[in-house]
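Novice: dropping the sequence and predicted coords here.
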Amino acid sequence: MLTRERKALIQQVLRQEGRLVAKAFSQQLGVSEDTIRRDLRELAAEGVLQRVHGGALPASAAVADYARREETSTASKVALGQAGIRLIQPGQIVFIDGGTTNVQLVRHLPKELEITVVTHSPNIAVELVEHPLIEVELMGGRLFKHSIVTLGAACAEAIARVRVDSYFMGVTGLHPETGATTGNAEEAAIKRIISRQAAETFVLATREKLGAASPYGIIPLADVSTLVTDAAPDDEALGALRSALSVIHA
């Protein structure tokens, strides 16, 4: 079998099964495990998959820069934002992460809703400037331009002094094995700190993020209280997540 044929088959297995075990796959094809691991390394370098111990998982497609992410799955993100509002109660203190889906959440918050929003996203803060009843606390720090959120020691220290009722966390992947993941180590660390300060952690995720993984783990699925998604109820990727968390369909 030619290299390109093996790589095509690897991608097919990942689409159909959601994971690939290198040893079993090499035995199935009658090639060495080293050969398969080389294929996985090359595909990982191309951004096709995420290597894990013993094999690979599908790579998240949600790792483009902010401007490109704004242009994708817009209708789905609007639906997720509208559905996510159900998880917010008047009088709460809510941490809202950066990200294009969470922008849709804040755009659809009712004008009569009175809450406090804490965020490290300048975009989220600006979206709420005209809201008559929502108080906004913006965490400072060094701006991470890819996601347009603040990071660093100053941000972490500020977040550690706040307790919130809920956290709407942005992710690039949700997988049963790797949990919630993202593409930057420092951003993942800040997200973990926020989650620890929240009574509940919610994730609004479009279909392409389900069953996918990025390089840096944030929290296990067990620490996610509720997933809001546009995936169909019978979607295989969603089925693998159901045993670990509550699901709301947008």
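Specialist: Thanks, I have it.

Novice: wait, is residue 192 part of a strand?
Specialist: No. Applying DSSP: H, G, I helix; E, B strand; the rest coil, one finds residue 192 to be helix, outside a strand.

Novice: list the contacts for it?
Specialist: When contacts are counted by Cβ atoms under 8 Å, 6 or more residues apart in numbering, residue 192 is found next to 218, 219. Using the backbone N, CA and C atoms, a C-beta is placed for each residue, glycine as well.

Novice: how far away is it from residue 202?
Specialist: 15 Å (Cβ to Cβ, to the nearest Å).

Novice: now swap in residue 109 and tell me
Specialist: On the measure of Cβ to Cβ, residue 109 and residue 202 end up 14 Å apart.

Novice: by mean pLDDT, flag the weakest helix or strand of the chain.
Specialist: helix 66-70 (a mean of 59; mean pLDDT, DSSP states H and E).

Novice: buried residues in the next helix or strand after it?
Specialist: Following helix 66-70 in sequence order, the next helix or strand is helix 74-84 (DSSP states H and E). The neighbour-count check on helix 74-84 (16 or more other Cβ atoms under 10 Å) flags 76, 77, 78, 79, 80, 81, 83, 84 as buried.

Novice: okay, the residues you listed in JSON lines with distance to residue 184 and pLDDT next?
Specialist: JSON lines is the format used below for the buried residues of helix 74-84 (distance: Cβ to Cβ, whole Å; pLDDT from 0 to 100):
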{"residue": "76", "distance to residue 184": "23", "pLDDT": "91"}
{"residue": "77", "distance to residue 184": "21", "pLDDT": "93"}
{"residue": "78", "distance to residue 184": "26", "pLDDT": "94"}
{"residue": "79", "distance to residue 184": "27", "pLDDT": "95"}
{"residue": "80", "distance to residue 184": "22", "pLDDT": "96"}
{"residue": "81", "distance to residue 184": "23", "pLDDT": "95"}
{"residue": "83", "distance to residue 184": "27", "pLDDT": "96"}
{"residue": "84", "distance to residue 184": "23", "pLDDT": "96"}
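
Novice: residue 55: which of these is nearest?
Specialist: residue 76 (29.6 Å; Cβ to Cβ).

Novice: the residue lying closest to the closest one once chain neighbours are set aside: neighbouring residues, count only.
Specialist: Closest residue to residue 76 apart from its sequence neighbours, by Cβ to Cβ, 6 or more residues apart in numbering: residue 230 at 4.4 Å. Residue 230 sits with 21 neighbouring residues when counted by other Cβ atoms under 10 Å.

Novice: phi, psi for residue 230 please.
Specialist: phi -100, psi 0 (degrees, to the nearest 10).

Novice: from residue 142, how far out is it?
Specialist: Residue 230 is 33 Å from residue 142, by Cβ to Cβ.

Novice: give me every residue that touches residue 111.
Specialist: 131, 132, 133.

Novice: so which helix or strand takes in the residue nearest to residue 232 when sequence neighbours are not counted?
Specialist: Closest residue in space to residue 232, ignoring its immediate chain neighbours: residue 238 at 7.5 Å, by Cβ to Cβ, 6+ apart. Element membership for residue 238 (DSSP H and E) is helix 236-239.

Novice: please apply the same query to residue 248.
Specialist: Secondary structure assignment for residue 248, by DSSP H and E: strand 246-249.

Novice: ok, and what's touching the helix holding residue 238?
Specialist: Here helix 236-239 makes contact (Cβ under 8 Å, 6+ apart) with 18, 207, 210, 211, 229, 231, 232, 247.

Novice: inside strands: which ones of the contacts of residue 111?
Specialist: Here DSSP state E is the test, and those give no hits in strands at all.

Novice: quick one: which of the residues you listed has the most company?
Specialist: Of those, with other Cβ under 10 Å as the count, residue 131 tops at 18 neighbours.

Novice: list just the nearest of the contacts of residue 111 to residue 174.
Specialist: Among these, and counting by Cβ to Cβ, the member closest to residue 174 is residue 131, at 29.2 Å.
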